[in-house]
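A.B. asks: Whatever this is, show me its structure:
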Amino acid sequence: SNECTESGWPSWCEPDVGNGIRLDGEPVTGNDPHDTSLEIGPSFVSGWLQHIVGRLGHADEGGVAYYALDNEPMLWNSTHRDVHPDPATLDELWAFTQSYGETVHAVDPAAQVLGPCVWGWCAYFYSALDGCQPGADMAAHGDLPLLEWYLLKNRERELQTGRRPVDLLDVHYYPQASGVALTDDESVAAVRLRSLRSLYDPAYVDESWIGQPVRLIPRLREWIAARCPGMEIALTEYNWGGDHGISSALAQAEALAIFGREGVGLATRWVAPEAGSKVVEALRLFLDYDGVGSALSGESVRAASSDVDDVGAYAILRSGGGEAAVLLFNKATGPRATNVTVARAASGPAPVWRFDAATSLGPAGTVEVAAGSFALDLPARSATLVLVPLAGVSSLADGGPAGALRAAAQPTPFRGSTAVRFTLPRPASVSLEVADAAGRIRRRILSSRAQPAGNLTLTWDGRDDAGRPVPSGTYFLRLRAAGLEETVRAIRIE
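C.D. replies: Take a look at the predicted model:
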């Protein structure tokens, strides 16, 4: 066999180029890298980026928003051994990071750079030279874990130049228990669903060769806080199963809920699921649960389950503040009767959406809310969304803590305009400005203008101060009033 037969004969494949393995089964060594490849450097990348910007515009004009640095560098000596047979070191990693990260920013200052895009557990701590244990490379760099040292270098460079080479700390994560990732093997469904706790739970000991708590997101946040405060987390490869198994779909849906609750800035599944699959339903639960474009956006708020391995519970205070989206994931092999209490829930019917192994995502009737609570039977291995109206809440500001300014943008995503709704407890001077992803002010909607007390709405028409429509992308609407400040996110689409 060769790469062509293994990959289904794609159009680009040439069957006579070999697979790097000799007839005796040993890898080819000592080859000339120029047999297969040509070097490129920052000047080549700069020209390539200029071509992209010339075709698509800069990131803040609707062009490419994110650039990820080279893929999984601590595997180069195996995945790219024909051109990089030696194990990558920390110094090499940072030299490439600084050079190429700054090249991206020089061509497109609004673009966001992701790095170091490492493959998984060992590479969070050690270079390829050290393998998966402390070694000479780590000792020569302060005995710091790889990612912590990388963040330290990123911060040092920011202090020198005013800009970090890397904007988001990017890692890959595949649960390591056998059969969990990339398969629809339902024999490991229970482990697959439990392993979601490795994203956050310090009490969960990973059921794999790792054999210790991973607590991935808190660990990354701690390193960021200590070494390069303010960076966001990106998980640009993750996978909790194939496309069609019900446990894979439940794991995907709950992973998205966890990412929202834990504040992950960007997450991309490996790979895009097959159309019509169960995992597509898991994505639609958040992006298009009713089939007409309704998405779950807002603020993740506290939700607790008496047994997270049995039923996962999550809640989102939806943009606009008048409704709570309650997500319930029954991971058990049998039905579960649940009793749910929601603070400030209004009495009356609440619509329900659901998918399970036998039923596609769709409406599942209503549940009656009384005295702030409802009871709901969850089918085996199912994902359920309940939209609970909240009593006496006309905006997020009404539900916020004393001394906080709370606002919400609705709708988002939006095409024409979006409205920022908030409440002033007393008359105050109000400012509202719109910034793009690079922090540049694109629109000043209101500037220190006196406003009366009460529920207020300010509208942004998706244009900048010159009256031009802004490109598609993420924007941050910064509200200031009564000495307080709140920033809400809105996504403009075309």
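
A.B. asks: Let me see the ranges of the strands in the stretch 301-450 of the chain.
C.D. replies: Ranges of strands within the stretch 301-450 of the chain are 311-318, 323-330, 336-341, 348-356, 362-369, 373-378, 382-389, 407-410, 418-424, 428-435, 441-451, based on DSSP state E, counting those that start in this stretch.

A.B. asks: need those strands in a markdown table with mean pLDDT and mean neighbour count, can you?
C.D. replies: (C-beta placed from N, C-alpha, C; glycine too.) Below are those laid out as a markdown table (pLDDT from 0 to 100; neighbours: other C-beta atoms under 10 Å):
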| stretch | mean pLDDT | mean neighbour count |
| --- | --- | --- |
| strand 311-318 | 94 | 22 |
| strand 323-330 | 96 | 23 |
| strand 336-341 | 96 | 14 |
| strand 348-356 | 96 | 19 |
| strand 362-369 | 96 | 15 |
| strand 373-378 | 97 | 17 |
| strand 382-389 | 96 | 23 |
| strand 407-410 | 82 | 24 |
| strand 418-424 | 85 | 22 |
| strand 428-435 | 90 | 18 |
| strand 441-451 | 88 | 14 |
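
A.B. asks: Distance to D16 added to those strands, as CSV?
C.D. replies: Shown next, in CSV, are those (distance: least, C-beta to C-beta, whole Å):
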stretch, distance to D16
strand 311-318, 51
strand 323-330, 50
strand 336-341, 57
strand 348-356, 47
strand 362-369, 51
strand 373-378, 56
strand 382-389, 48
strand 407-410, 56
strand 418-424, 56
strand 428-435, 54
strand 441-451, 53
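
A.B. asks: pLDDT weak spots in the protein?
C.D. replies: 1-3, 17-18, 320-321, 392-406 (pLDDT under 70).

A.B. asks: hey, where'd the helices end up in it?
C.D. replies: Along the chain, counting by DSSP state H, helices occupy 3-6, 42-56, 76-79, 90-107, 121-125, 136-139, 146-161, 189-194, 216-227, 246-262, 278-287.

A.B. asks: can you redo the ones you listed as CSV with distance to P15 and mean neighbour count?
C.D. replies: Compiled in CSV, these are given as follows (distance: least, C-beta to C-beta, whole Å; neighbours: other C-beta atoms under 10 Å):
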stretch, distance to P15, mean neighbour count
helix 3-6, 5, 13
helix 42-56, 29, 13
helix 76-79, 20, 15
helix 90-107, 32, 19
helix 121-125, 33, 21
helix 136-139, 39, 16
helix 146-161, 38, 19
helix 189-194, 37, 21
helix 216-227, 40, 18
helix 246-262, 33, 23
helix 278-287, 33, 22
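
A.B. asks: So for T338, which of these sits nearest?
C.D. replies: helix 246-262 (15.4 Å; C-beta to C-beta).

A.B. asks: which other residues reach that closest one?
C.D. replies: The contact list for helix 246-262 (C-beta atoms under 8 Å, 6 or more residues apart in numbering) reads 184, 186, 189, 192-193, 195-196, 199-200, 217-218, 235, 238, 240-242, 267, 269, 277-279, 281-283, 285-286, 300, 312, 314, 316, 327, 329, 331, 355-357, 381-383.

A.B. asks: Apply 6 Å and report the result again.
C.D. replies: For helix 246-262, contacts defined as C-beta atoms under 6 Å, 6 or more residues apart in numbering pick out 184, 186, 189, 192-193, 196, 199-200, 217, 240-242, 267, 278-279, 282, 285-286, 300, 312, 314, 327, 329, 357, 381, 383.

A.B. asks: picking up where we left off before, which one, of the strands of the stretch 301-450 of the chain, ends up nearest to D91?
C.D. replies: Each of the strands of the stretch 301-450 of the chain has some distance to D91 by C-beta to C-beta; the shortest is strand 428-435, at 36.2 Å.

A.B. asks: and the closest one with strand 441-451, angle?
C.D. replies: 170 degrees (axes from the mean of the first three to the mean of the last three C-alpha atoms, to 10 degrees).

A.B. asks: Show me what strand 428-435 pairs with in its sheet, parallel or antiparallel.
C.D. replies: On the basis of DSSP bridges, the sheet neighbours of strand 428-435 come out as strand 441-451 (antiparallel), strand 473-481 (antiparallel).
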